[in-house]
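A.B. asks: What follows is a predicted protein model with its sequence.
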Amino acid sequence: MTDLPAPRTVPTFRSRLRGSAPLHPSHSPAPARRVGALLVTALALLGSLIAPSPARAAASDEPTWTVVPSSPSGPKGRKQFDYELSPTEQITDWFSVSNLGDKPIKVDLYPTDAFTALDGGFALLPRSQAASDAGSWIKLPRAAVTLPPGKRADMPFRLSVPAGTAPGDHVGGILAAVTEEQVGKDGQRVYVERRIGARVYLRVAGPLTPAAAVRAVQVEYANPVVPIPGGRMKVTYRIANTGNVRISGKARVQVRGPLGVRLATGDLIDLPEVLPDSEIRLTQEFAHVVPAGPLTATVVLNADTNKESLPSQEGSSSVLAVPWALLGLLVLILAVVAYRLWLRRARRLLAAPVDPVAPAREPERAAR
């Protein structure tokens, strides 16, 4: 174990007035006492700002530790492990676990698989779920280590790629976890595991097939009573990595109405890194979209790897946004127009002259 640099401490301020001139005989001592009181108050306020508060002091009691890529002589500035290996190949490397706190801690060590969470974060499997990919190929020298305050442990590990491993990216992590006993709100004691990890990126040699797709596009529209300036639209969609290489890129949402008229365009979104067999969920909201009838939201995805850009992909979904207020007003106008036409026709019929009907004549009887 190696000593870490001692933590910096906040110096304690000791104030002393030097070279104080004697009071003038003709002056009253009251102003001097007031000046002294002000100085003491100012120093007390300064001390309260510098001295750690009880909350900060309590926070320092929590264990603090790190796990980083290392070497036999300690860390060399690497942020993650990056390898390119072939099946049946293996490599030995080093990692370091450091206790940055002021109390001894026991740190559990174990490898596991990584994936991309729906929110785009880099996630690792829970301890209860067994690793089946890169995490299962990592062998650590021990399952736990106890570190005194300010100490560091440098340990080797071995990564072996099994025969028949599929080509592409396989990602995992080496985890350092501390389990603490806490008391819940109901008074029950629970064990909480806090963990941090060092990322392990492995690219297995073979054909690389980067691919991405837009999935599960959903559109929600809040139809306003007044169609102008429009209603709120929410577009939710997923970006899936369907290939064997991690991807990133950009995405944008466009909203079109009848005849392809563009009604809204979203911001260009920078996608986080998406690992193979993972997907992320994104949301785009628009404040004012005119209810022009059938509205179609289209997601345009331009994904790329660290070496090439992929063909653009699209996904879309539609919603019917009927401008009910405008439609009701139109129906009312048509009803008024129809009524006025009917009324004009009725008046015209009443005003037309009527021809008198001549009395019918009886046929003359034949003279007998």
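C.D. replies: Here it is on my side, so go on.
A.B. asks: the helices in the stretch 51-200 of the chain, which residues?
C.D. replies: Taking DSSP state H, counting those that start in this stretch as the criterion, the stretch 51-200 of the chain carries its helices at 54-60.
A.B. asks: low-confidence ranges in the chain?
C.D. replies: Low-confidence segments of the chain, defined by pLDDT under 70, span residues 1-60, 323-330, 354-368.
A.B. asks: got the domain boundaries for it?
C.D. replies: For the chain, the domain assignment from automatic domain parsing gives the residue ranges 65-204, 212-322.
A.B. asks: and of those domains, who's closest to V337?
C.D. replies: Proximity to V337 (C-beta to C-beta) singles out domain 212-322 among the domains of the chain, at 21.4 Å. Backbone N, C-alpha and C define where each C-beta goes, glycine included.
A.B. asks: so how far is the closest one off the chain centroid?
C.D. replies: With C-alpha atoms, centre = their mean, to the nearest Å as the basis, the distance from the averaged C-alpha position of domain 212-322 to the chain average is 16 Å.
A.B. asks: same check, this time on stretch 332-350
C.D. replies: 61 Å.
A.B. asks: Mind exporting the C-alpha coordinates of it to PDB?
C.D. replies: The C-alpha atoms that make up stretch 332-350 are tabulated as PDB, following Å, rounded to 0.1, in the frame of the first residue of the first chain:
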ATOM      1  CA  LEU A 332     -71.700  28.300 -37.000                       C
ATOM      2  CA  ILE A 333     -70.900  30.600 -40.000                       C
ATOM      3  CA  LEU A 334     -72.200  28.000 -42.500                       C
ATOM      4  CA  ALA A 335     -75.400  27.700 -40.400                       C
ATOM      5  CA  VAL A 336     -75.900  31.400 -40.300                       C
ATOM      6  CA  VAL A 337     -75.300  31.700 -44.100                       C
ATOM      7  CA  ALA A 338     -77.700  28.800 -44.800                       C
ATOM      8  CA  TYR A 339     -80.300  30.400 -42.500                       C
ATOM      9  CA  ARG A 340     -80.000  33.800 -44.300                       C
ATOM     10  CA  LEU A 341     -80.400  32.100 -47.700                       C
ATOM     11  CA  TRP A 342     -83.400  30.200 -46.600                       C
ATOM     12  CA  LEU A 343     -84.900  33.400 -45.000                       C
ATOM     13  CA  ARG A 344     -84.300  35.400 -48.200                       C
ATOM     14  CA  ARG A 345     -86.000  32.700 -50.300                       C
ATOM     15  CA  ALA A 346     -89.000  32.600 -48.000                       C
ATOM     16  CA  ARG A 347     -89.400  36.400 -48.200                       C
ATOM     17  CA  ARG A 348     -89.100  36.300 -51.900                       C
ATOM     18  CA  LEU A 349     -91.900  33.700 -52.100                       C
ATOM     19  CA  LEU A 350     -94.200  35.700 -49.800                       C
END
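A.B. asks: I would like the residues contacting that stretch, please.
C.D. replies: With C-beta atoms under 8 Å, 6 or more residues apart in numbering as the test, stretch 332-350 has no contacts from any other residue.
A.B. asks: what pairs with the nearest residue to E279 once chain neighbours are set aside across the strands?
C.D. replies: Nearest residue to E279, sequence neighbours excluded (C-beta to C-beta, 6 or more residues apart in numbering): A240, at 3.9 Å. According to DSSP bridges, the residues that bridge with A240 are A213, E279.
A.B. asks: Do a quick rundown of the strands in the stretch 101-250 of the chain.
C.D. replies: Counting by DSSP state E, counting those that start in this stretch, the segments of the stretch 101-250 of the chain that form strands are 105-116, 122-124, 138-139, 144-147, 151-160, 168-183, 189-204, 212-222, 231-241, 247-256.
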